[in-house]
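Chemist: What follows is a predicted structure for the sequence shown.
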Amino acid sequence: MEVQIDSGRCQGHGRCYDIAPGVFGEDVEGYGNVPGDGSVRPGEEREARLAVASCPERAITVVEGV
């Protein structure tokens, strides 16, 4: 499973990195980002999905089977 953030849609609410800090980070302006290649480590899938569901702009996409 991988996650991706559409930087054009992200408004910097920070819910993703508050909910799943092991999956998401923030840039210098407070916008969410995905460190590394976006792969979600085993055991962090639940938090990643919760962060995706909590994004008000729906800026996060999950890619399954990667």
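Modeler: Perfect, thanks for sending it.
Chemist: report the longest helix in the protein, please.
Modeler: helix 45-54 (DSSP state H).
Chemist: Buried residues, the following helix or strand past that helix. List them.
Modeler: Next along the chain after helix 45-54, taking DSSP states H and E as the criterion, comes strand 60-63. The neighbour-count check on strand 60-63 (16 or more other Cβ atoms under 10 Å) flags Ile60, Val62 as buried. For the C-beta atoms, the positions are set from N, CA and C on the backbone; glycine is no exception.
Chemist: and stretch 12-23, C-alpha only, in PDB?
Modeler: C-alpha atoms of stretch 12-23 as PDB (Å, rounded to 0.1, in the frame of the first residue of the first chain):
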ATOM      1  CA  GLY A  12      -2.400  22.400   5.400                       C
ATOM      2  CA  HIS A  13      -4.900  21.300   8.000                       C
ATOM      3  CA  GLY A  14      -2.300  18.800   9.300                       C
ATOM      4  CA  ARG A  15      -4.800  16.000  10.100                       C
ATOM      5  CA  CYS A  16      -2.800  13.500   8.200                       C
ATOM      6  CA  TYR A  17       0.500  13.900  10.100                       C
ATOM      7  CA  ASP A  18      -1.400  14.300  13.400                       C
ATOM      8  CA  ILE A  19      -3.200  11.000  12.900                       C
ATOM      9  CA  ALA A  20      -0.400   9.000  11.200                       C
ATOM     10  CA  PRO A  21       2.900  10.700  12.000                       C
ATOM     11  CA  GLY A  22       4.800   7.500  10.900                       C
ATOM     12  CA  VAL A  23       3.300   7.800   7.400                       C
END
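Chemist: No further questions, thank you.
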